[in-house]
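> A structural model of the following input is requested.
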Amino acid sequence: MTQKNRSNEQFQPPVWLRNPHLQTVWPTLFRRIDFVPDAAERLETPDNDFLDLDWYQRGNGRLLVLSHGLEGYSRRPYMLGMVQAALACGWDVLAWNFRSCSGEMNRQPCFYHSGSSDDLSLVVERALAESPAYDSIALGGFSMGGNVTLVYLGERGASLDPRIRGAAVFSVPCDLAGSARELAKPGNRFYMSRFMDELRVKIRAKHELYPDLIPLEGLDRMKTFAEYDDQYTAPLHGFRDAEDYWYRCSSTRFLGGVRVPALIVNAADDPFLTPGSYPHAEVMDNHRIRLEVPRYGGHVGFVGDERNGQYWSEWRAMRFLESLD
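Now for the predicted structure:
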């Protein structure tokens with residue numbers, strides 16, 4: 001794949017939707033999609049935990065596995081929008097929830113994190129075992145889910161099952177440290193406060209289950225991912241500290257190992273991202289990866305004026321996935 005001839009694929013929203021913060025919050029505030037999965041499944045994990053899966057099946061021979069973002073879940077509007085687009089293009093869909101994100105607290109002390117590729121691996125293995133078997137499987141991800149997807153692909157490299165044909169990911173914090181610092185800035189206080197409010201609820205619930213492992217000291221004073229990841233994410237998941245976690249789980253480090261076609265779309269105006277999340281050099285060294293940087297789009301936005309209700313990101317993902325066959 002080349003990095004040329006992108007002009008016809010660039011996102012061009014109407015003038016009134018070119019503010020990055022408006023792009024970011026619009027889907028949450030105004031997009032409503034009522035769409036029920038055909039089946040829900042609880043996948044038991046080897047460590048006596050579980051992952052909740054939503055299946056959308058129409059008897060197609062192709063399956064798209066979707067991973068949501070930080071503190072999202074499988075039925076967020078951006079997930080359901082991609083589900084609908086995929087079904088319309090002849091794909092079945094498996095949308096899964098990271099641990100603790102389906103509305104029920106997971107069993108183990110750990111939650112999930114931006115490098116949780118082992119859980120994605122379990123989901124993919126379940127998809128590969130489905131009967132009748134799928135001829136091809138593609139991966140999709142948003143924000144943190146996109147980072148996990150790229151880590152998974154890079155870790156497995158040439159050992160990846162040949163039925164996994166490629167991936168399309170959007171608004172990916174490829175440089176976790178940079179994104180953590182960007183979100184800590186005053187201009188992003190709205191987003192950071194919202195993340196922390198949601199995470200505090202989970203920490204308190206987890207403390208009730210594991211009071212000796214999950215302390216509450218300092219929780220109410222935390223305002224940044226640096227503080228949260230130092231006290232909770234790192235020790236619960238085997239990292240030395242927040243910096244170690246961010247370094248080891250940033251997908252930029254894994255792009256060289258990707259051996260299937262992968263599309264990364266990160267808007268230039270994404271308020272969550274820093275230059276490290278636009279891995280131009282890494283992409284130049286791996287012809288399988290295509291990096292697109294539309295001028296507009298915000299974070300998991302890409303809201304246009306489409307009359308059919310489909311967002312540009314959904315159109316772009318389907319166009320890319322169709323090219324895999």
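> Quick check: closest non-adjacent residue to residue 140.
residue 66 (4.7 Å; CB to CB, 6 or more residues apart in numbering). Placement of C-beta: from N, CA and C, glycine included.
> Next, count neighbours for that neighbour.
Neighbours of residue 66 under the rule other CB atoms under 10 Å: 26.
> Residue 181 versus that one, what's the distance?
For residue 66, the distance to residue 181 equals 28 Å [CB to CB, to the nearest Å].
> picking up where we left off before, where does the residue nearest to residue 140 sit: helix, strand or coil?
Here residue 66 is recorded as strand under DSSP: H, G, I helix; E, B strand; the rest coil.
> Got the phi and psi for the closest residue to residue 28 other than its chain neighbours?
In space, and not counting its chain neighbours, residue 28 is closest to residue 77: 7.3 Å by CB to CB, 6+ apart. Note on residue 77: backbone dihedrals following degrees, to the nearest 10 are phi -50, psi -40.
> re earlier: pull up the gap between the residue nearest to residue 140 and residue 223, please.
Separation of residue 66 from residue 223 (CB to CB): 31 Å.
> What mean pLDDT does stretch 149-158 get?
Across stretch 149-158, the average pLDDT comes to 97.
> Please apply the same query to stretch 241-255.
On average, stretch 241-255 scores 98.
> Please identify the buried residues of that stretch?
Buried residues in stretch 241-255, counting neighbours by 16 or more other CB atoms under 10 Å, are found at 242-243, 245-246, 248-255.
> repeat for stretch 188-202
Using 16+ other CB under 10 Å as the burial criterion, the residues of stretch 188-202 that qualify are 188, 191-192, 195-196, 199, 202.
> which one among these gets closest to residue 274?
Nearest to residue 274, judged by CB to CB, of the buried residues of stretch 188-202 is residue 188 at 11.4 Å.
> In this structure the closest one contacts residue 270, no?
No. Using CB atoms under 8 Å, residue 188 makes no contact with residue 270, being 11.0 Å away.
> Let's verify the residue lying farthest from the centre of the chain: helix, strand, or coil?
The C-alpha centroid of the chain is most remote from residue 212, which lies 31.1 Å away (CA atoms, centre = their mean). Using three-state DSSP, the structure places residue 212 in coil.
> Cheers, nothing more for now.
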